[in-house]
Structures are given as C-alpha cells and as structure tokens.
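**Student:** Dropping the sequence and predicted coords here.
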Amino acid sequence: MKKVFIFLGPPGSGKGTQTSRLSDKLSIPHIDTGSLLRKNIEDKTQLGIIAKGFIDKGQLVPLHVVSSVIKERLLKEDCKNGYILDGFPRSIEQAEALASILEETGEFTLKNDAMAVYFDVDTEILVQRLINRRSCPNCGTIYNLTSNPPKIMDYCDICDTKLVQRADDNEQTARARFETYERETKPLYDYFKQLGILKELDADKPILEIWENLKELIFEQ
Ligand code: AMP
C-alpha cells in the first residue's frame, strides 16, 4: 500500500474530516499545514508572524515558511511509516519542494510511494460550507451548522467545549481563498495526473459515503 497520501481539493471540501478518519484507520499522522501555521501564530514564532498577514488575506504563505514548517514535521519519528498531507502541497513549487524534501530524507518518493486524492466538489456550495463550519478547540471535531450540526447548538458533542469559528472562515476571506485555490493549487491536478499518482473522489456526497469511497480507492490498489 502507498505510504504518503496527499489530499488535494478546495477549502471546505471535507479533506480534514476524511483525513482524521484515515489517520485513525492507518495509524499514521495527519499533517495539516494550516493547523501547523496557526499553531505558530498562537505561539508568536517568527514564522507565525510572517504567516499571519497572508492567512488573514486568504493568500498562500511564502514557500520558505511552509517548507520549514513541513520539513520539521516530516522528520519526526512518527512519520517513518507514512503520513497524510492535508493542505500541502498547494502549488507546483510546493510539490517540487516536497519532492526535494523526500529525496533528502530518503524515505519515500512521490512516484512510487505517494497517492494524491483529489476531492472533486462544486466550489459554489463550498463558500456556504466554510461560513457554516465550526470546530472544537479542545478535541478538533469539525461540525457544519447546516449539514452536520452539533446536538446542542455551539457545543461539542464529544467534550462539551464551546465551538469556535476560524477567523478566515468569513465570507470575504473565504472567497479570496477560492481564488487562490483556482490559481495556485488547481494546477496540481494535472501535475499529479502526469506523474500517474492521481485518484479522484466525488466529494459532493454525505461524509460516510465519501469515507467508503475513499477506503475503496486506498485499499483496492
Ligand atoms: P487551511 O487550514 O488548510 O484552510 O489553511 C488556512 C490558510 O493557511 C490558507 O488560506 C493559507 O493562507 C495558509 N496555508 C495553509 N497551508 C498552506 C500551504 N501549503 N502553503 C501556503 N499557505 C498555506
């Protein structure tokens, strides 16, 4: 089975939800550059200070910042058996940076060990999904106020913590993030296809159905 999974798709396409499930199922880490960057912002690191301005505008954080954050993470012991990348790479230059990092660490190669899963979903639906997204700051569970609401409004079903909305899930920043996605990230579809590692997933379906289809893609190969 492949060891490196790259989840590719527009913001709000459900990558995070499926990554968490797959991470539990395969016992490999879920690496999400958005969360790593937000942690740097919270900790007020030098990288976090640079990242904040870009995140607030819905733009991509510069390559040197993201590469540094991701490289540090991939060198950790728990990545030895594989990992799921969610939100990285997000441009061709980041995919090339990933190939170099893999070459340096010598564990895996994109061509032989990676599978890119493209979450295909109508982007118009997604702006609404993003605006309605809430998450638990304690256990990380993700909800959607319309399609997957918590049992008690605004409180986590699992740990009863008050849910939060990400600062960049407002409409203006959400729209900017889609423009960035179309311009910078979408070209990765052809890039991974040419490399022969692309699989497509219809992500315009209920969560459980997407999960079943994802498992088929992963375990069938
Ligand atoms: P996400 O949590 O994946 O939606 O990411 C939130 C924001 O973090 C994005 O809109 C970007 O500003 C930034 N970000 C996350 N991952 C990357 C990446 N691979 N490259 C550049 N910026 C990123």
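**Tutor:** Received the coordinates, thanks.

**Student:** Near the ligand, which residues of this protein? Just list them.
**Tutor:** Residues of the chain that fall close to the ligand, judged by C-beta under 6 Å from any ligand atom: 11, 33-34, 37, 54-55, 58-61, 66, 87-88, 90, 94, 168, 177. In this view, the C-beta of every residue, glycine as well, is placed from N, C-alpha and C.

**Student:** ok, 5 Å please
**Tutor:** Pro11, Thr33, Gly34, Ile55, Leu60, Val61, Val66, Gly87, Phe88, Arg90, Arg177 (C-beta under 5 Å from any ligand atom).

**Student:** Format those as a markdown table; extra columns: secondary structure, pLDDT and neighbour count.
**Tutor:** Formatted as a markdown table, those follow (DSSP: H, G, I helix; E, B strand; the rest coil; pLDDT from 0 to 100; neighbours: other C-beta atoms under 10 Å):
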| residue | secondary structure | pLDDT | neighbour count |
| --- | --- | --- | --- |
| Pro11 | coil | 87 | 24 |
| Thr33 | helix | 94 | 21 |
| Gly34 | helix | 92 | 18 |
| Ile55 | helix | 93 | 20 |
| Leu60 | coil | 94 | 20 |
| Val61 | coil | 96 | 21 |
| Val66 | helix | 96 | 25 |
| Gly87 | coil | 93 | 23 |
| Phe88 | coil | 96 | 24 |
| Arg90 | coil | 96 | 20 |
| Arg177 | helix | 89 | 24 |
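
**Student:** Tell me the bridge partners for the residue most central in space within the chain.
**Tutor:** Centroid-nearest residue in the chain, with C-alpha atoms, centre = their mean: Asp86, separated by 2.6 Å. Note on Asp86: beta-bridge partners by DSSP bridges are Phe7, Asp32.
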